[in-house]
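Engineer: Return atomic coordinates for the entry below.
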Amino acid sequence: MKEITAIIRRDKLPETKKALEEAGYPSVTIQSVEGRGKQKGVLCSEMDPEMPESFCAAVKLRPTPATYALEHALPKVALYVPKRLLTIIVPDEMVPGIVNSIIKVNQTGRHGDGKVFVCHVEESLRIRTGEKGNEAIS
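Structural biologist: Numbering: from 1, shown residues only. Below is the predicted model of the structure:
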């Protein structure tokens, strides 16, 4: 079994869920997260073009260390971008298809497209029935 963790743009979540269902795997855990990657301080619209202008305006209304640094031309400003974190546990043979589906939907060629990680899962147990292994993840 493998754990696939994907960090994606917020606006790509509906398409990603649909692609996962079409790939035969509708089970997914989704979390709202914040983070930053290589862009290191690039402003809102450049990090995430779908980010509403109201977000940028709200950031200016409530100064944070990052917005203070922006207004005073201080170096290395780090703004954190809202993203979605998907966690999927799949049998080994499904990994390539699931990963390719996630990449196909989320690859725009711009900064912030996200990341995908694949890790080994030692054991899986379904609490309700006591099933183990692949039976517990389907």
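Engineer: buried stuff in the longest strand belonging to the chain?
Structural biologist: Longest strand of the chain, by residue count under DSSP state E: strand 81-90. Neighbour-count burial for strand 81-90, counted by 16 or more other CB atoms under 10 Å, picks out V81, K83, R84, L85, L86, I88, I89, V90. Every residue, glycine included, has its C-beta placed from N, CA and C.
Engineer: What ranges does this protein have for its strands?
Structural biologist: 2-8, 29-35, 81-90, 115-120.
Engineer: Same list (the ones you listed) but as TSV, adding distance to P96 and mean pLDDT.
Structural biologist: Listed next are these as TSV, based on distance: least, CB to CB, whole Å; pLDDT from 0 to 100:
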stretch	distance to P96	mean pLDDT
strand 2-8	10	97
strand 29-35	21	93
strand 81-90	10	94
strand 115-120	10	97
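Engineer: Need the ones you listed in TSV (columns: distance to E22).
Structural biologist: Listed next are the strands of the chain as TSV, based on distance: least, CB to CB, whole Å:
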stretch	distance to E22
strand 2-8	16
strand 29-35	17
strand 81-90	14
strand 115-120	18
